[in-house]
Each structure stands twice: as C-alpha cells, then as structure tokens.
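>>> no sequence on this one, just coordinates:
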C-alpha cells in the first residue's frame, strides 16, 4: 500500500547536538518529497522539498535532507539543534502519478530539545 | 503579502451541533485545500478546490461534512451534525495552481474544534 512512514514518534536531543529525523515512503514512482514543521498553535511551514536532481537538499533554518532512492528515504538533518527547533515535524509526499497537488503526510515526529 | 486566514481559531461545541469554518486564501491562489488533523496524526486532505470546482473530495464524509468555495475565493467548511471523532484541527491551505510542476501549499493557522 502507498504510505509515508515516520518511524520515530518522539525524539529528544540536547541543544547543540545533531539531529536526524527519518522518513520512508512506499510508492511505485518517486513522489515529490517535503518536510514541514509545525510549532504549537502555528500552521505548517515548509522546510524544504525535493522534486529531482541533487539528492541533498538545503532548506530554511539550517535544515537539510537527503533523498536515497535505494532506501526510499528522505531523512531530515540539522548539524546543531537550537531550543527553538522544538516542534512537530512532518514528512509529506505528492504522488507523481495522478498528481493533483494533494499532500499525503506521515504521522509526525515530535522533537524535544533539552537545555 | 497576507497569508491564509482562518476563523474562528477555536471552537467548542456539543455533539450533534453544527459548526462552520471559514478560510480566505492568499490572493490570486486558484487552489484551496481543507485538511483535518487529528491529535497525534498528520493532516489528511478532506477536499480540494480548483477555483470554484471540486478536484478531490474522496475523503470527505459527505453525510455530515460539506464545503463550498463560492466565486473561487474564500471557502466554508461545515459539519452537521458533529460527532466526538470530529475533534481535530482543520487546516486550510492554498497554492497558485495544482498538479504538474508542483506549487507550494501555504497553510493557515488552523481552527481547533473540540466536540463534547
């Protein structure tokens, strides 16, 4: 079945430590890939997106993500986490076939940052 | 540039009551989306409009949910009657156009609905 999976529901890291949030997808053709962040009481903000080309994508707020076709993954990374990065992170896809622009989201990963 | 506006921000109702949410997309955006986000889950598309026509409403519970986008600008989502399981955040998003070369969706702050 077509799906987007974020294996980690909750992650805690210390401020200044590195971060990696995992995302796997299951689609026949590589979909368009996205990472969004949602802070408490806020709407969703796009961090970065991958359509094609260079598999390492740079986003806002110092985030980057790497597309690995062989692993059907699109993991989000940040070298040094700040306390303000505490939020909910969602991986999302737009299927390549029958593309209407509809976003399909993973269940999300809650990031907690320890001082 | 103004973002996507939604109102109200919070709503508490009792089950079997009716409720309506309003969304005003970014000016000039042809495509409007309503998503439902249940606590602990990612958002799920309820309905997508292109101008004032429906593109996708396959996951809209049509026995109780309805939506319209008159004149292809702002939109209203209604629930009648509400059930306990409708408690969620309702997110509105807009994009310049949909499909083809993907256009970024811009999200509003959402309406948090609690059904008692």
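Everything's here; your move. Values in this document were obtained by computation on a predicted structure and should not be read as measured data.
>>> beta-bridge partners for the residue nearest the centre of chain B, please?
The geometric centre of chain B, computed from its C-alpha atoms, lies nearest to residue B:34 (C-alpha atoms, centre = their mean), at 2.6 Å. Residue B:34 forms beta bridges with residue B:47, residue B:92, as assigned by DSSP bridges.
>>> hmm, it is touching residue B:54, no?
No - counting by C-beta atoms under 8 Å, residue B:54 is not a contact partner of residue B:34; they are 11.0 Å apart. Every C-beta, even on glycine, is put in place using the N, C-alpha and C of the backbone.
>>> what about the residue nearest to the centre of chain B, distance to chain A?
11 Å (C-beta to the nearest C-beta, to the nearest Å).
>>> now do the strands in chain B.
Along chain B, counting by DSSP state E, strands occupy B:5-7, B:10-13, B:19-24, B:31-37, B:44-50, B:53-56, B:65-68, B:75-79, B:88-95, B:106-107, B:111-115.
>>> which residue packs closest to residue A:10, ignoring adjacent ones?
residue A:110 (4.8 Å; C-beta to C-beta, 6 or more residues apart in numbering or on different chains).
>>> repeat for residue B:109
Once flanking residues are discounted, residue B:109 sits nearest to residue A:43: 4.7 Å by C-beta to C-beta, 6+ apart.
>>> next to chain B, which bits of chain A? Give me the list.
Chain A comes close to chain B at residues A:4, A:32, A:41-46, A:49, A:51, A:90, A:92, A:94, A:99-108, as judged by C-beta under 8 Å from any C-beta of the partner chain.
>>> mind running it again at 10 Å?
A:4, A:6, A:9, A:31-32, A:34, A:36, A:38, A:41-46, A:49, A:51, A:88, A:90-92, A:94, A:96, A:98-108, A:110 (C-beta under 10 Å from any C-beta of the partner chain).
>>> now residue 12: closest residue in space that isn't a chain neighbour?
Defaulting to chain A. Closest to residue A:12 by C-beta to C-beta, 6+ apart is residue A:112, at 4.4 Å.
>>> that was the other one, I meant chain B.
Nearest residue to residue B:12, sequence neighbours excluded (C-beta to C-beta, 6+ apart): residue B:114, at 4.6 Å.
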